[in-house]
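Novice: 3D, please:
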Amino acid sequence: MCNLHHVSPKEEIERYFRASLHSSLQGDAYPGVAVGPFGSGVFIRAGLPNSSGGSTRLAMKGQWGMIAPRAASARPASRAILTNNARIESVDQRPTYRDAWAKGRRCLIAAASYQEPNWETGRNIWWTLRRADGAPWALAGIWSEWVNPESGELVPNFSVLTMNCDGHPLLARLHKPDPKLPDDAQDKRSAIPIQPELWDLWLHGPQEEACREVLKLPAAELFEPSVTQETDALLARLRAGPQGPAEPQQGLLL
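Specialist: From the prediction side, this is the model:
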């Protein structure tokens, strides 16, 4: 699950995502770079139809953490309850998410990068995941609007969708493993990046087709490799021990 992402700058929202900015993003209201659970981020949803018969994209400011439709407050009372990630396997069943899912309120979360924990050394190393081509991520999400029962304020909110990544060559390296479970039964979770050619299908297409074509894990090559290389180098040093790498034996083919 992802608990920190970095918002794409306003210029990328307009030029790369070709999205119009809602009034909530104008001027000084644009969110800061780093966003954690229940902080303010940017999501892109389907806009109004345009003159050519297509649909526009609208970027909005919203709370990163879905709010249950009949909730009394924007944040759960318990800090242990997080709603910034939603499992794709149960999004149509959980009370917090199912109404938005049934209404087709799918969105793109615009992120310059996002962070996940790596525990392969025995301690947490945060991996900042960026695209190898330098473009921002468009993470699959859902969105909703909640009305504060006390003030009447309309609060847009959104969640990142996640899926199992146990078999992925890169993403399965993330998150702390459960030592009681085999590698193929960890149920590690990953955000779901969407390639540009599938954005409109995700935002506007029929639900069954959108899920079938879009909800797939990306190739490892899509990720900028420096974080994996740094961890691999550290693991190699730890395996070598304090004496360093052993000298090659005579006659050994290298």
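
Novice: Which pLDDT value goes with the residue nearest to residue 69 when sequence neighbours are not counted?
Specialist: Leaving aside its sequence neighbours, residue 69 sits nearest to residue 99 (CB to CB, 6 or more residues apart in numbering; 5.5 Å). Just so you know, the C-beta spots here come from the backbone N, C-alpha and C atoms, and that holds for glycine as well. The per-residue pLDDT reported for residue 99 equals 97.

Novice: Do a quick rundown of the strands in the protein.
Specialist: 5-7, 20-21, 34-35, 40-49, 55-64, 85-87, 106-118, 125-129, 137-147, 154-164, 189-191 (DSSP state E).

Novice: Tell me which of these sits nearest to residue 242.
Specialist: strand 125-129 (20.3 Å; CB to CB).

Novice: per-residue pLDDT, residue 250?
Specialist: Looking at residue 250, its pLDDT stands at 38.

Novice: ok, now which ones touch the closest residue to residue 9 other than its chain neighbours?
Specialist: Closest residue to residue 9 apart from its sequence neighbours, by CB to CB, 6+ apart: residue 112 at 7.4 Å. The neighbours of residue 112, taking CB atoms under 8 Å, 6 or more residues apart in numbering as the test, are 6-9, 12, 33, 130, 136-137.

Novice: Among the residues you listed, find the lowest-pLDDT one for me.
Specialist: Lowest pLDDT of those: residue 33, 88.

Novice: excluding its backbone neighbours, what's nearest it?
Specialist: Closest to residue 33 by CB to CB, 6+ apart is residue 6, at 5.2 Å.

Novice: now residue 72
Specialist: Using CB to CB, 6+ apart, the nearest residue to residue 72 is residue 149, at 6.6 Å.

Novice: surely the residue nearest to residue 69 meets residue 145?
Specialist: No - between residue 99 and residue 145 there is no contact under CB atoms under 8 Å: 10.6 Å.

Novice: which residues of the chain score low on pLDDT?
Specialist: For the chain, applying pLDDT under 70 flags the ranges 1, 49-55, 243-254.

Novice: Let's check: the centremost residue of it is which one?
Specialist: Most central in the chain under CA atoms, centre = their mean is residue 191, positioned 4.1 Å from the mean C-alpha point.

Novice: gap between that one and residue 137?
Specialist: 8 Å (CB to CB, to the nearest Å).

Novice: try residue 199
Specialist: For residue 199, the distance to residue 137 equals 12 Å [CB to CB].

Novice: Neighbour count and distance to residue 222 added to the contacts of residue 112, as CSV?
Specialist: Shown next, in CSV, are those (neighbours: other CB atoms under 10 Å; distance: CB to CB, whole Å):
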residue, neighbour count, distance to residue 222
6, 20, 17
7, 25, 20
8, 24, 17
9, 16, 21
12, 16, 17
33, 11, 22
130, 21, 10
136, 22, 13
137, 23, 10
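
Novice: ok, the residue nearest to residue 69 to residue 105 distance?
Specialist: Using CB to CB, residue 99 is found at 9 Å from residue 105.

Novice: Tell me which of those two has more neighbours.
Specialist: Neighbour totals were compared for residue 99 and residue 105, and residue 105 leads with 19 against 15 (other CB atoms under 10 Å).

Novice: ok, the more buried one touching residue 141?
Specialist: No - applying CB under 8 Å, one finds residue 105 not in contact with residue 141, separated by 9.3 Å.

Novice: okay, and the common contacts of these two?
Specialist: With CB under 8 Å, 6+ apart as the test, residue 105 and residue 141 reach no residue in common.

Novice: hang on, the earlier thing: what is the residue nearest to the centre of the chain paired to in the beta sheet?
Specialist: residue 162 (DSSP bridges).

Novice: mind listing the helices for the stretch 101-250 of the chain?
Specialist: Assigned by DSSP state H, counting those that start in this stretch, the helices in the stretch 101-250 of the chain fall at 199-204, 207-214, 226-240.

Novice: Highest mean neighbour count out of those?
Specialist: Neighbour counts (mean count of other CB atoms under 10 Å) averaged over each of the helices of the stretch 101-250 of the chain peak at helix 199-204, with a mean of 18.
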